[in-house]
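A.B. asks: How does the following fold in three dimensions:
(2 chains)
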Amino acid sequence: MLAVKDLTVFRGHIRVLNGLTFSVSAGEIVAVLGANGAGKSTLVGALAGLYPPAAGEIVFQNRNLTGRPPEAVVHAGISLVPEHRQLFAGLTVRDNLILGAYHRYRDAKKELPRLLEDVYRLFPALREKQEKPAQTLSGGLQQMLAIGRGLMADPRLLLLDEPSMGLAPLVVREIMTTLSGLRAKGQTIILAEQNAHAALKIADRAWVLERGCIALSDTAENLRQDARIQAAYLGRS
Amino acid sequence: MSPESQLLQYLISGLTLGSIYALIAIGLVVTFNITGIFNLALGEFVTLGALVSIALYAAGLPLIAAFALAVLIAAALGAVMERTAIHPARKANATILTLVIITIGVGIAIRGASLLIWGTHPYILPPFSEHAPFTVAGAVVIPQSLWVLGLAVVCVAALFAFFEFTYLGKAVRACVMNRTAARLVGINPQRLSLAAFTATGALGALAGIFVAPITFATYDMGFMLGLKAFVAAILGGVTNVPGAIIGGFLLGILEAFGVGLVGSGLKDGLAMIVMILVMLIRPTGILGAFRRGA
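C.D. replies: Residues are numbered from 1 along each chain as shown, chains lettered A, B, ... in the order given. Got it, this is the predicted structure:
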């Protein structure tokens, strides 16, 4: 579904991603693990079109998306739930959600109520708050709203950047369960996550980024058992 | 005329002037919120609205048709300006300062072209209604003032409805609040930039058409109006549309009272004094926060 070759990305003068090559198949959850500054955010950001690559190629469903801006990438079926949620703070929950469908608004206008209903069924707490400004929500609800907005784009591939950041363990578990449920319905997901423990629980495969390179790539099952991962990311010795 | 009527007279002329400042200031603020730059050529679109509609009227078009065509021409010119001057510079990674200087350059070019076409001669646009001036509590009201106030009210209401109730209006606000997130859902800021320059070009022209019967129209009428609208925008807090409206009316009223109570020499200086004071004392404007997203 997604094939990336030799992806190299600079942020300013710093080479953050260093010739990454990988592919993702339909229906799987791939976790991207790594320490702060390893390049997780840059990787999902680059896939979403935020950071044009200096070299390499991004091919998604046989379409070359290399160097395409985010507004074109979302149209092609890749939707990013960005780091720090990046909500439209002053707009209501409902408006945030319907704007998620912006790129296909003309076609989806009639379906909007049904699409909203799907998101509310996934996150029932959002329904009660739908007329409230996004900025008044708790951190957990804001994250759910960000995911809901990303889903409103009807993505073939959903990218998430640190959805667990700053959230209580219970909320993290709830969000991970939801992602797992999405996968069960066939949603393909790339999950960049600092919280390796939570991510490896739901992922099929994972990559460990180190200084802009894929240092390890294996099934989630194997990585959970891997002594290096346990030491570095799972806090066990 | 009693002192009270005299003061009422100043207030009426202040509200009239203020409406025009407010309208142009709204155009400045909306463009700034969407694109991050001030379109300092906007005043020249006021001139164009007035002079083009006078020329078209003189060429035999009915007044309404002349107005509509002048507004369309100004809107088209706004679009051309964005595509030929702003968009390419942005692609070449021009800084905000460069972009603002480009708008000043475009303004000088439009003013120069207007000078060549129309000369320094003042032109007259007939008032919209034949009705004679009437008095309210001793103060004289010319009907054209009501037209100007009416335009301001209608434009503000229309803008409010657009931003508050339409999908596209919400998308524009979303882009102002969070540009990155807006792009991630598919909102194209470049297209909004084009729309902003086009729409505010039309808005400026409308302001020019409505004010022309009061002030006469000259090739440089928009320069001062644009500058004062800029002061009004700063007074209102730069990113804040309600602030720009209040700033426009405050400045208009201040000017009218300054001229009436002190002397007409104060007219243009007052706005500059206000700008300096705001910058020194409260650079965030009367309505507060100097941040994007309000």
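
A.B. asks: Near chain A, which residues of the stretch 101-250 of chain B are found?
C.D. replies: Within the stretch 101-250 of chain B, the positions lying close to chain A (C-beta under 8 Å from any C-beta of the partner chain) are B:167, B:170-171, B:173-174, B:177-178, B:180-188. Every C-beta, even on glycine, is put in place using the N, C-alpha and C of the backbone.

A.B. asks: Show me which of those residues are buried.
C.D. replies: Among these, those classed as buried by 16 or more other C-beta atoms under 10 Å in any protein chain shown are B:170-171, B:173-174, B:177-178, B:181-188.

A.B. asks: and the residue of the stretch 151-294 of chain B nearest chain A?
C.D. replies: For the stretch 151-294 of chain B and chain A, the shortest gap (C-beta to the nearest C-beta) falls at residue B:186, measuring 2.8 Å.

A.B. asks: measure residue A:204 to residue A:31 for me?
C.D. replies: Going from residue A:204 to residue A:31 by C-beta to C-beta, to the nearest Å gives 9 Å.

A.B. asks: Same check on residue B:149?
C.D. replies: Taken as C-beta to C-beta, the span from residue B:149 to residue A:31 is 62 Å.

A.B. asks: Can you tell me the element residue 31 falls in?
C.D. replies: All of this refers to chain A. strand A:29-34 (DSSP states H and E).

A.B. asks: not quite, I wanted chain B
C.D. replies: helix B:3-35.

A.B. asks: Who are the packing partners of that helix?
C.D. replies: Under the contact definition 3 or more C-beta pairs under 8 Å, 6 or more residues apart in numbering or on different chains; DSSP states H and E, helix B:3-35 sits against helix B:42-58, strand B:139-141, helix B:143-165, helix B:167-177, helix B:189-215, helix B:221-236, helix B:241-261.

A.B. asks: next one: the shortest one to chain centre, how far?
C.D. replies: A distance of 25 Å separates the C-alpha centroid of strand B:139-141 from that of its chain, computed with C-alpha atoms, centre = their mean, to the nearest Å.

A.B. asks: pLDDT on the helix holding residue B:31, on average?
C.D. replies: Helix B:3-35 carries an average pLDDT of 93.

A.B. asks: cool, and stretch B:224-242?
C.D. replies: Stretch B:224-242 comes out at a mean pLDDT of 91.

A.B. asks: buried residues in that stretch?
C.D. replies: B:225-241.

A.B. asks: same deal with stretch B:248-266?
C.D. replies: For stretch B:248-266, burial by neighbour count (16+ other C-beta under 10 Å) applies to B:248-260, B:266.

A.B. asks: And stretch B:89-98, by the same measure?
C.D. replies: Applying 16+ other C-beta under 10 Å to stretch B:89-98 flags B:89-90, B:94 as buried.

A.B. asks: Check whether that stretch comes near chain A.
C.D. replies: No - judged by C-beta under 8 Å from any C-beta, stretch B:89-98 makes no contact with chain A; its nearest approach is 12.0 Å.

A.B. asks: Show the end-to-end separation of that stretch, please.
C.D. replies: Length of stretch B:89-98, first residue to last, C-alpha to C-alpha, to the nearest Å: 8 Å.

A.B. asks: quick one, phi/psi of residue B:130?
C.D. replies: According to degrees, to the nearest 10, the main-chain angles of residue B:130 amount to phi -80, psi -10.

A.B. asks: Flag every residue of chain A that's near chain B.
C.D. replies: Selection of chain A residues close to chain B by C-beta under 8 Å from any C-beta yields A:48-50, A:69-71, A:74-75, A:79-80, A:82, A:86-91, A:95, A:98-105, A:149, A:152-153.

A.B. asks: Put the buried members of the residues you listed into a ChimeraX selection.
C.D. replies: Restricted to buried positions by 16+ other C-beta under 10 Å, the ChimeraX selection for the residues of chain A next to chain B reads:
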select /A:48,49,50,69,70,71,74,79,80,82,86,87,88,89,90,91,95,98,99,100,101,102,103,104,105,149,152,153
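
A.B. asks: in chain A, what spans have low per-residue confidence?
C.D. replies: A:234-237 (pLDDT under 70).

A.B. asks: Taking it, what residue is nearest to chain B?
C.D. replies: residue A:103 (2.8 Å).

A.B. asks: Nearest spatial neighbour of that residue, chain-adjacent residues omitted?
C.D. replies: residue B:186 (2.8 Å; C-beta to C-beta, 6 or more residues apart in numbering or on different chains).

A.B. asks: list the contacts for the one you found?
C.D. replies: Contacts were defined as C-beta atoms under 8 Å, 6 or more residues apart in numbering or on different chains; by that measure residue B:186 touches A:70-71, A:74-75, A:102-104, A:153.

A.B. asks: Now residue A:166: phi and psi?
C.D. replies: The phi/psi pair for residue A:166 (degrees, to the nearest 10) is phi 70, psi 20.
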